[in-house]
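Trainee: Show me how the following folds:
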Amino acid sequence: MKNRVFGILLVISLSAFMLVLFFGEILKSPGNYYFDLNEQGLTHYYSAVYHAKFDKQAFRCDAMNYPFGESIAFSGSQPLLTNSIKFISNHIIDISDYSVAIINLAILFSVMLGAFFIYLIFSEFSIRWWFASPASVGIAMLSPQVSLMAGNITLSWIFWIPLTIFLVIRFDRTRKIPHTLLLGLVTYCSAMMHLSITAIIGFLLLGYWFFRFIWYRKAKTFWYRDAFHIFFQFILPVMIFQFTTLVNDDVTDRTSWPHGLYENLSNPFSVFLPGNASWFHVPQWLFDFSQISQESHARIGTTALFGLFFGLAWIIRRKIKKEPILKIAPLSSLNVLFWVSTLSLLFSFGLPMIAGMKWLADCTEPLRQLRILSRFAWPFFYLLNMVVVAALAHRVFYPGAKQIWKVFAGVALVLLFAEGMGNLKNVSVLVKNRIPALEDHENQTVDNQWIHYVKSENYQAIIPLPYFHVGSENIWVEATHGVKEATMIASLKTGIPTTGVDLNRTSISQTFHNYALFTEPLERLEFPDFLPDERPLLLLVLNEYIPNEQELRLIRHSEPITKTPDFMIYELPVTLIRRLNLIYKDEMMAKTQTAGNTEGPGWQLSGNEGFFIYEPFGKTAEKSGFFDAGAFSFQARQWTTVWHDTLKNVPGGTTLLVSFWIKNYRNDGFMRTNIEFCNMNPENHETTFFLYSDFFRYIIAFRGDWVLVEFPVVTKTTNEIAKFSVMNNILPKGEFIIDELMIREEGSDVFWREGRWLWYNNRRVVVR
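Mentor: Numbering: from 1, shown residues only. Prediction:
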């Protein structure tokens, strides 16, 4: 017991020294640094701080996706931590202004906590404390989760996996209910931080029980006792989390087909090769590490790599001698967890899906929801390093050990600790990001003067231009020109939420309600119907951004409030949004009246010139179309040619606009259908233009269950052969309907007036 205390003190001392050495500047002023400002980095801080400071409900985050908000489980707000801040602020003392500092300190402290639990695991092997302590700190510093401080702070909490391993080992030894309850608590708390961690914990726990049933279940252990432990360790906590989420969430149309299942996989190179070790360089011809995502890195380290080589040689030797080869760890529970982590590693490679079993993901929604499989390589990192250190300690400290093993152990320990320090050093450089505007608490700088012209209580939301929306998986509008940072800073300064979205699994219908505000309003927008009151909205427009026609319509009918070096602030009345479709219709009528006679029969071209093709698909009357009975249909998972013809008399250098209508756009995955448009030289059939994209990137307007898609095509030679094909590779099955294909020359308007309807460039409005 005394030795264990010495070891714990050494772990704490070494960890604290390393944190001060590499993060001392941050520790002096933790509230002024943001570990990650790329991709979702700022979002995680923003949603967490907003929730702790402004949200009224514990399980709702209203920072983004206004007026709907979002369930806390899909906001990246780390609710276990932020709700603790909120509770203390509401009932004891207000600490919400220190949310950033608390988050940063907690993440850094998790390195120490991770090393602590790794040391406790080594203590279960009776490893000498002075050897186990530096090894524990080295493994914690080298953890692939450390690098996520500069990539995804919600996943950079290092202690979750070591804590789970420790509790499983303790449970395996004692079979006591308290350890089961602690495992259940860990499962629930991890879900309240990030569901990917819960999935990893579930893989370890369920894998442990699977091997236990097969390998070493004792005859006196009754099955119902095991079922009791499984239920309370994992199943019940997940059920409680799901119940609390569902009770506080009325969304029923989240995506079942998220991005990323096969896009962020681990591979043997990113796991086993020391790609960033200062003394070892992998040639680019062998593997280019820049080609894999940050979360796909799970390098085991040089010590574990050499340990793996020795382990493989040992297994081969025992196999030749026909001896058992599966027992490689001193504890049966650690041995089981190691082989479970090996399966987890193979799963992180995408197996078995990439080995011809894609149908497994198609028919298993929980599997599809995992998104980034590379994270499942993390248990292998921890367990392999633990097994290697334990094996070395066993070789060194047993009576009569050879001197050479002591040398190996010393070198291995130095390598492990040195690489861990290198990992911390590399990360420490990346996490020292500051946002001066948020440090100016009194709003004295030029950048923050705009706040004095905006009374927060008078406005209900911030609409950013350019708009950004990432989360529904059915449209993907990336934030550009720094608009996300400007919007989130403005929101935190004022407490006003934003209609912009950078979340997870957002409602599909809510997505299109919000996005319709930035498309041509062929019909009355539903967005105002969901607003709680008639207070105006703030329109935040970046100075360097060039708005499109619809965005200009919003700006023209808004009232300027103030201007900053980076953006303009406008006041947008709700009544204006309600009238947008009427304003748009008047603009369309004005264009057709100046373009020529709109009373004649059939289609007319402005100026009576310009290329024009119209395909209503009237011959396929069995399908219900956009305007009449005919429409074009195709099935999922196969390329289908919609149109294939010659662009007659169209000279090179001409820009054409291809538009068509899609039915049932709100169906999950429909707008992720691929477009392939190819132009070929009629003489040599060389490709002169090629477009490969998705429907959602070219949304123009909504009408009923239909959405208008329009994209540009540029010719290079005269009379090119054009081919337009589509395929939905997301859904395993399903029927898709296209109608009213129109190809027209840019700058040439096509219109047709018949009765109460006006068709204008493939748009349709009621004019009387």
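Trainee: Three-state assignment for the most centrally placed residue in the chain, please.
Mentor: By CA atoms, centre = their mean, the mean C-alpha position of the chain lies nearest to Asn504, the distance being 6.5 Å. Using DSSP: H, G, I helix; E, B strand; the rest coil, the secondary structure recorded for Asn504 is coil.
Trainee: And for Leu656?
Mentor: Leu656 ends up strand, using three-state DSSP.
Trainee: cool, and the one 10 residues further on?
Mentor: Following three-state DSSP, Arg666 is assigned to coil.
Trainee: one step back: correct me, but the residue nearest to the centre of the chain touches Ser77?
Mentor: No. Checked against CB atoms under 8 Å, the pair Asn504 and Ser77 is beyond contact range at 10.8 Å. Where C-beta positions appear, they are placed from N, C-alpha and C, glycine not excepted.
Trainee: And the strands in the stretch 351-500 of the chain, which stretches?
Mentor: 462-465, 469-470, 476-477 (DSSP state E, counting those that start in this stretch).
Trainee: Identify each buried residue in stretch 413-430, please.
Mentor: 413, 415-424, 427-428 (16 or more other CB atoms under 10 Å).
Trainee: Likewise for stretch 507-527?
Mentor: 507-523, 525, 527.
Trainee: Contacts for that stretch next, please.
Mentor: 65, 68, 251, 253-255, 463, 467, 469, 471-472, 474-475, 477, 499, 501, 530, 549-551, 554, 577-578, 580-581, 583-584, 665-666, 668, 699-704, 708, 763-765 (CB atoms under 8 Å, 6 or more residues apart in numbering).
Trainee: Next step: those residues restricted to strands.
Mentor: 463, 469, 477, 501, 699-703, 708, 763-765 (DSSP state E).
Trainee: out of the residues you listed, which is most surrounded?
Mentor: Val501 (27 neighbours; other CB atoms under 10 Å).
Trainee: distance of that one from Ile300?
Mentor: From Val501 across to Ile300, the span is 37 Å (CB to CB, to the nearest Å).
Trainee: repeat for Leu384
Mentor: 6 Å.
Trainee: Now do the shared contacts for these two.
Mentor: With CB under 8 Å, 6+ apart, Leu384 and Ile300 have common neighbours Leu308.
Trainee: How many residues are close by Phe213?
Mentor: Phe213: 12 neighbours (other CB under 10 Å).
Trainee: 51 is where my numbering starts, stick with that
Mentor: Okay, residue one is now 51; in that scheme the one you just asked about reads as Phe263.
Trainee: Are we agreed that it is in a helix?
Mentor: Yes. Using three-state DSSP, the assignment for Phe263 is a helix.
Trainee: what's the pLDDT at the closest residue to it other than its chain neighbours?
Mentor: Closest residue to Phe263 apart from its sequence neighbours, by CB to CB, 6 or more residues apart in numbering: Asp276 at 7.4 Å. Note for Asp276: predicted pLDDT of 83.
Trainee: what do you get for Leu256?
Mentor: 94.
Trainee: Low-confidence ranges, the stretch 501-650 of the chain, go.
Mentor: 644-650 (pLDDT under 70).
Trainee: Go again with 90.
Mentor: By pLDDT under 90, the low-scoring segments of the stretch 501-650 of the chain are 529-531, 554-555, 635-650.
Trainee: Show residues contacting stretch 72-92.
Mentor: Counting by CB under 8 Å, 6+ apart, 69-70, 94-95, 126, 148, 150-151, 154-155, 157-158, 199-203, 206, 471, 474-475, 477-478, 480-485, 489, 534-535, 538, 552 sit against stretch 72-92.
Trainee: Hmm, I typed the wrong one, I wanted stretch 414-430.
Mentor: Stretch 414-430 is contacted by residues 193-195, 205, 211, 215, 246, 249-250, 253-254, 306-312, 314-316, 320-321, 343, 345-346, 348, 350, 387, 390-392, 394-395, 397-400, 410-411 when judged by CB under 8 Å, 6+ apart.
Trainee: 7 Å - rerun?
Mentor: Around stretch 414-430, the neighbours that count as contacts under CB atoms under 7 Å, 6 or more residues apart in numbering are 194-195, 211, 246, 249-250, 253-254, 306-308, 310-311, 314-316, 321, 345-346, 348, 391-392, 394-395, 397-398, 400, 410-411.
Trainee: so how many other residues sit close to Tyr448?
Mentor: When neighbours are counted by other CB under 10 Å, Tyr448 comes out with 9.
Trainee: And it, how close does it get to Ala441?
Mentor: In terms of CB to CB, Tyr448 sits 11 Å off from Ala441.
Trainee: for Gly81, same thing?
Mentor: Distance from Gly81 to Ala441, by CB to CB: 44 Å.
Trainee: Tell me the one among the buried residues of stretch 463-480 nearest to Ile264.
Mentor: Set against Ile264, the nearest of these by CB to CB is Leu466 (32.9 Å).
Trainee: re the thing from before, now tabulate the buried residues of stretch 463-480 in CSV and tack on pLDDT.
Mentor: Formatted as CSV, the buried residues of stretch 463-480 follow (pLDDT from 0 to 100):
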residue, pLDDT
Leu463, 92
Leu465, 91
Leu466, 93
Phe467, 92
Ala468, 92
Glu469, 92
Gly470, 94
Met471, 94
Gly472, 92
Asn473, 92
Leu474, 94
Val477, 94
Ser478, 94
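Trainee: In CSV, list those residues along with distance to Leu233.
Mentor: Below are the buried residues of stretch 463-480 laid out as CSV (distance: CB to CB, whole Å):
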residue, distance to Leu233
Leu463, 31
Leu465, 33
Leu466, 28
Phe467, 30
Ala468, 34
Glu469, 31
Gly470, 28
Met471, 32
Gly472, 34
Asn473, 29
Leu474, 29
Val477, 30
Ser478, 33
